[in-house]
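Trainee: A structural model of the following input is requested.
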Amino acid sequence: MKSLLVVSIVFVLIIIQGTTIGGTRFPTSDENSNEEYTYVEYEEEESSEESTLPPIPTTTSRVILSTELETEGPTIANEFECPTNCKCNKKITLVDCSHQNLMQIPKNLPQSTVYLNLSHNSLKTLNVNDLINCGELRQLYLNNNEIGKIVNTEDFAKLPNLHHIDLSTNAFKPLQGKEFSKARGLLTLILTDNKDIVTSNVPIIQTEKLKTLYLANCSINQLPENIFQNLSSLVALNLDNNPLNLTQGVSAFKPLTELRRLFIPTVPRHIALNLCKNLQVIDIINLSLENHDISCFLLFNNATYEESTIRTDLFKTPTDPPSNSSIVVSTTAPTLSTHIQKGTEVLKQYANAAANQAKTTYEKMSMMYMILSGLVVVLLVAILSVFCIIGSRQLGREISYRKQNYRKYSAGNVTVENPNYERYLIECEKRQFTNE
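Mentor: Take a look at the predicted model:
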């Protein structure tokens, strides 16, 4: 019955993981960025330390309108004005200024702005000071501009609700790590399609609560050892479409103690196990250029590389486009039933090891109990012996005293006179006379 329950649990976990692999992807630069925009409504989970994995978009749509935009140009709604050449919803919480060829961020943005879309413009600098009027801002979309630097970064502290920033497809120079240090509520940062954004010996980001980081298609070929040292809370990382050489860069993942989802192009077989050792809580590593992923759980349990692979094409629907990967992958990758069987064997080994350990522990405890019981018995016997010796000596003294000081004493069945009785009386009289 227990084996059947274990098999069922493993089967459900693999199906769920497979569904995620087959149906959820990070956005990449290969997809068309001219799609209609839709806003993703994020739950307010900044204060939750045990929040679930952050939502991951299924397409490259950057912005999603939760309500239809009905106002355009100078319009007064709820005592706030929609900026010129922008579109806003009725409550002026959603401001869409995209595709306007803007050279700078509009001045006096509405204080009620929650979602701000400035994508597909000609912005060259992000001046955070232009946004401080938007105290309720949660999501900021600046993708597809020409932004090369960020100034007045200390003003991020005046945007405590900002938890999502999209800066993909811009012209950033190597980041110095301090640009987002004051954005203490930031949870998701998208830096996809920014060439040469990583520099050696400098952490890419310094922020405490960041959960999701997109670095796809950023021409990253080496990972400096300290690139992720300030991202211990990161749970999802996308490094797709980068010419990564992981031979010398595996140790860079060690600070990511909470990482659960990793997307990379491929992993050489000889460093797969070492990569898993540096990722403490991750199980599945998603490989975008392969038709399989890697299970660190199986690698840790002495499985070979082939046995630890999970075929991702098993979960593709008939409408999925064929893979254009140029990498040849062995067709002997294990099937789903093979993984179930392998997982069941591993769990049985764990169960047997636990049972043997429990049996050994029980035997050791039984032996210790017997030894302690014997010591207690010996101690009790020793204590009783001491009391008996002391009692017998005291009894002997009492008998001797009575023989000397009493007039008569019994010797067996015969009562005799005590010859020392008269001497005893004389001694008592002498003591009494002396005391007087």
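Trainee: what number of residues lie near the residue nearest to Pro83 when sequence neighbours are not counted?
Mentor: In this structure, Pro83 finds its nearest non-sequential neighbour in Pro106, 4.1 Å apart by CB to CB, 6 or more residues apart in numbering. No exception for glycine: its C-beta is placed from N, CA and C like everyone else's. Neighbours of Pro106 under the rule other CB atoms under 10 Å: 18.
Trainee: and the nearest residue to Lys124 once chain neighbours are set aside, how many neighbours does it have?
Mentor: Spatial nearest neighbour of Lys124, chain neighbours left out: Glu146 (5.0 Å); criterion: CB to CB, 6+ apart. Counted with other CB under 10 Å, residues neighbouring Glu146 total 13.
Trainee: Check the gap between Glu146 and Ser119 for me.
Mentor: Glu146 sits 12 Å away from Ser119, going by CB to CB, to the nearest Å.
Trainee: and for the two, which residues touch both?
Mentor: Residues touching both Glu146 and Ser119 by CB atoms under 8 Å, 6 or more residues apart in numbering: none at all.
Trainee: Now Thr84: which helix or strand?
Mentor: Assigned by DSSP states H and E, Thr84 falls within no helix or strand.
Trainee: Do me a favour and get the end-to-end distance for stretch 144-162?
Mentor: Taking CA to CA, to the nearest Å, stretch 144-162 runs 20 Å from one end to the other.
Trainee: Pull the residues that contact that stretch.
Mentor: Residues external to stretch 144-162 that are found in contact with it (CB under 8 Å, 6+ apart): 33, 46, 118-129, 131-132, 134-140, 167-173, 178-186.
Trainee: 7 Å instead?
Mentor: Residues lying outside stretch 144-162 but in contact with it, judged by CB atoms under 7 Å, 6 or more residues apart in numbering, are 33, 119-129, 131-132, 134, 136-138, 140, 167, 169-173, 178-180, 182-186.
Trainee: where does the chain dip in pLDDT?
Mentor: Low-confidence segments of the chain (pLDDT under 70): 1-80, 313-340, 342-343, 398-425, 427-436.
Trainee: Please repeat the previous calculation with a cut-off of 80.
Mentor: Along the chain, segments meeting pLDDT under 80 span 1-80, 199-202, 208, 248-249, 311-347, 349-350, 395-436.
Trainee: Take the contacts of stretch 144-162 and keep only those in strands.
Mentor: Of the contacts of stretch 144-162, the ones assigned to strands by DSSP state E are Thr125, Leu126, Asn127, Leu140.
Trainee: Report the two of those separated the most.
Mentor: Thr125 and Leu140 (14.7 Å; CB to CB).
Trainee: more neighbours, these two?
Mentor: Neighbour count, other CB under 10 Å: between Thr125 and Leu140, Leu140 has more, with 25 against 16.
Trainee: how near is the more buried one to Ile426?
Mentor: 119 Å.
Trainee: For Pro243, give me its contacts.
Mentor: Counting by CB under 7 Å, 6+ apart, Pro243 touches Asn221.
Trainee: how does it look with 8 Å?
Mentor: By CB under 8 Å, 6+ apart, the contact list for Pro243 reads Ser219, Ile220, Asn221, Pro265.
Trainee: That one belongs to a helix?
Mentor: No: with DSSP: H, G, I helix; E, B strand; the rest coil as the criterion, Pro243 is coil rather than part of a helix.
Trainee: Just the buried ones from the contacts of stretch 144-162?
Mentor: 33, 119-121, 123, 125-126, 128, 131, 134, 137-138, 140, 167, 169-170, 172, 179-180, 182-186 (16 or more other CB atoms under 10 Å).
Trainee: related to what we said a few turns ago, with distance to Cys88 as extra columns, can I get the ones in strands among the contacts of stretch 144-162 in TSV?
Mentor: Listed next are these as TSV, based on distance: CB to CB, whole Å:
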residue	distance to Cys88
Thr125	24
Leu126	21
Asn127	22
Leu140	16
